[in-house]
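Q: give me a 3D structure for the following:
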Amino acid sequence: MLSGHVYFSKPLLALTIIGFLSACGGSDSEATAATGTAPVTSPVTGTGTGTVILRAPVLSFNDTGISVTDGVTQNGLWAVDSAGIDWEFSLDMGGTWSRGVGSTFEVKGDGAKMIWVRAYDEAGNTSEVVRVNCVLDTTPPASVGAQARTEGVTNTLQLSGIEPGARWEYAIDPQGAWMPGRGASLGALGNGLATVWLRQVDMAGNASAPEAFDLIKPDGLIHEASGDPLKPSFLAQGLQTMLVHGVVVRSDADYVRWDIPKGQQLLSVKLVQYVSEDAIAFYALQRSQVFDAGIDVSRMLVYGHMGPSDLGRNALANVPKTELGEGAMTLWFQQTGPLPTQYAIEVVLAPAN
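A: Reported below is the predicted structural model:
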């Protein structure tokens, strides 16, 4: 452990539509299946020659994608619950009707769809028509484009080709987890990662083919984070998604600083890679342009252990938002054992709320 620093001892939800519905819509979500219930209307008298009252079917589908209530989906399978009564559906606003079989039917072909479903009996009675507008999209978007440049000691990938309404994601292992990005760029500072993979996910939930981008090209920068707590390496400004990465051992701490601009706040700090035989490393954050807290934990915003069990955990989960606004922030990361530890930490900024 470096002298003068802290020492820690090692220890398918469905969208349901009943009655008349003109369109699907709702608030954004990052889930991948629909959730929620549409308004319910009372049963109406059948329109046939008899006097039987038929209950309208319950129609449901999986609304996939970034928003699970916008009616844009990659899944054309619809479920019908008609309480044992025969049912039929129309895709041309009632011009022609197809008799339903079982409890599902499938809509095919990308594009806007107008779906009508109703119950019927042999006497000619029909229920109220359930009407739904949706968009079926099963086509993956194009691959993400990225222009590499170096800003100070930060390698930046400026992204392009993102479809309206889509989100971009990155991975540090193409077989591992995909993490959503914010902003229009991905910044990386360090000497631990060689490659990142990028893709986009469209409104319906279709993902583009992953594209690999080299972080150590001849025109890129391999920068080992500063080992001086009073001269931390500085991440480029104007980024919302950043990766701090490197290799640390007992005598080699990493210190990295970033500035949170006015109108922004620090949303999360997450460990996203940890490769070491030693399962415990240490970290701390100080609201300062330098890390001069020494062993005074009262001057640290957060501090503690980091290891494999912490992957994906937001170290700021219990920090008040008032502590995460405009100003400088410096990260300390260190392995106090003799075994090297390769790590990557994701830093994300977002508009203040």
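
Q: for stretch 323-334, buried residues please.
A: Leu324, Met329, Thr330, Leu331, Trp332, Phe333, Gln334 (16 or more other Cβ atoms under 10 Å). Every C-beta, even on glycine, is put in place using the N, C-alpha and C of the backbone.

Q: list the residues that contact the first one.
A: Think Leu324. Neighbour list for Leu324: Ile260, Gln265, Leu266, Leu267, Leu316 [criterion: Cβ atoms under 8 Å, 6 or more residues apart in numbering].

Q: most surrounded residue in these?
A: Leu266 (24 neighbours; other Cβ atoms under 10 Å).

Q: ok, now how distant is it from Asn314?
A: Distance, Leu266 to Asn314, using Cβ to Cβ, to the nearest Å: 10 Å.

Q: same deal with Gln158?
A: 26 Å.

Q: what of Gly152?
A: For Gly152, the distance to Asn314 - Cβ to Cβ - is 27 Å.

Q: same check, this time on Gly327
A: Distance of Gly327 to Asn314, computed by Cβ to Cβ: 19 Å.

Q: which members of the contacts of Leu324 occur in strands, if any?
A: Ile260, Gln265, Leu266, Leu267 (DSSP state E).

Q: quick one: residues contacting the first one.
A: Read it as Ile260. By Cβ under 8 Å, 6+ apart, the neighbours of Ile260 are Leu266, Leu324, Gly325, Glu326, Gly327, Ala328, Met329, Leu349.

Q: kindly check the end-to-end length of stretch 60-69 for me.
A: 12 Å (Cα to Cα, to the nearest Å).

Q: dihedrals phi and psi, Arg299?
A: Backbone torsions of Arg299, given as degrees, to the nearest 10, read phi -100, psi 0.

Q: whoops, Ser309 was the one
A: Dihedral angles (degrees, to the nearest 10) for Ser309: phi -70, psi -10.

Q: for burial, what's the neighbour tally of it?
A: 12.

Q: so how far is Met306 from the nearest residue to it once chain neighbours are set aside?
A: Nearest residue to Ser309, sequence neighbours excluded (Cβ to Cβ, 6 or more residues apart in numbering): Ala279, at 7.7 Å. Here Ala279 is placed at a distance of 10 Å from Met306 (Cβ to Cβ).

Q: so those two - more neighbours on which side?
A: Met306 (23 against 15).

Q: and that one, what pLDDT?
A: Met306 is assigned a pLDDT of 96 by the prediction.

Q: what's near enough to touch it?
A: Leu271, Tyr274, Ile280, Ala281, Phe282, Tyr283, Ala315, Phe333, Tyr343.

Q: can you rerun that using 7 Å?
A: Leu271, Ala281, Phe282, Tyr283 (Cβ atoms under 7 Å, 6 or more residues apart in numbering).

Q: could you dump these into a markdown table and include distance to Trp97?
A: Formatted as a markdown table, those follow (distance: Cβ to Cβ, whole Å):
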| residue | distance to Trp97 |
| --- | --- |
| Leu271 | 57 |
| Ala281 | 65 |
| Phe282 | 68 |
| Tyr283 | 64 |
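
Q: what's the farthest-apart pair in these?
A: Pairwise distances across those (Cβ to Cβ) peak at 11.8 Å, for the pair Leu271 and Phe282.

Q: what bits of the stretch 51-200 of the chain have low per-residue confidence?
A: Applying pLDDT under 70 to the stretch 51-200 of the chain picks out residues 51.

Q: quick check: which helices or strands does the helix or strand where Val244 lies pack against?
A: Following DSSP states H and E, one finds Val244 within strand 241-248. Where contact means 3 or more Cβ pairs under 7 Å, 6 or more residues apart in numbering; DSSP states H and E, strand 241-248 is packed against strand 185-190, strand 254-260, strand 327-334, strand 341-351.

Q: for it, give me every contacting residue.
A: By Cβ under 7 Å, 6+ apart, the list of residues contacting strand 241-248 reads 181-183, 186-193, 224-225, 235, 254, 256, 258, 281, 331, 333-335, 340-348.

Q: how far does that strand sit from its chain's centre?
A: 20 Å (Cα atoms, centre = their mean, to the nearest Å).

Q: could you shift the numbering so residue one becomes 654, and keep it that way?
A: Okay, residue one is now 654; in that scheme the one you just asked about reads as strand 894-901.

Q: partner strands of that strand, with direction?
A: Applying DSSP bridges, strand 894-901 is found paired with strand 838-843 (parallel), strand 994-1004 (antiparallel).
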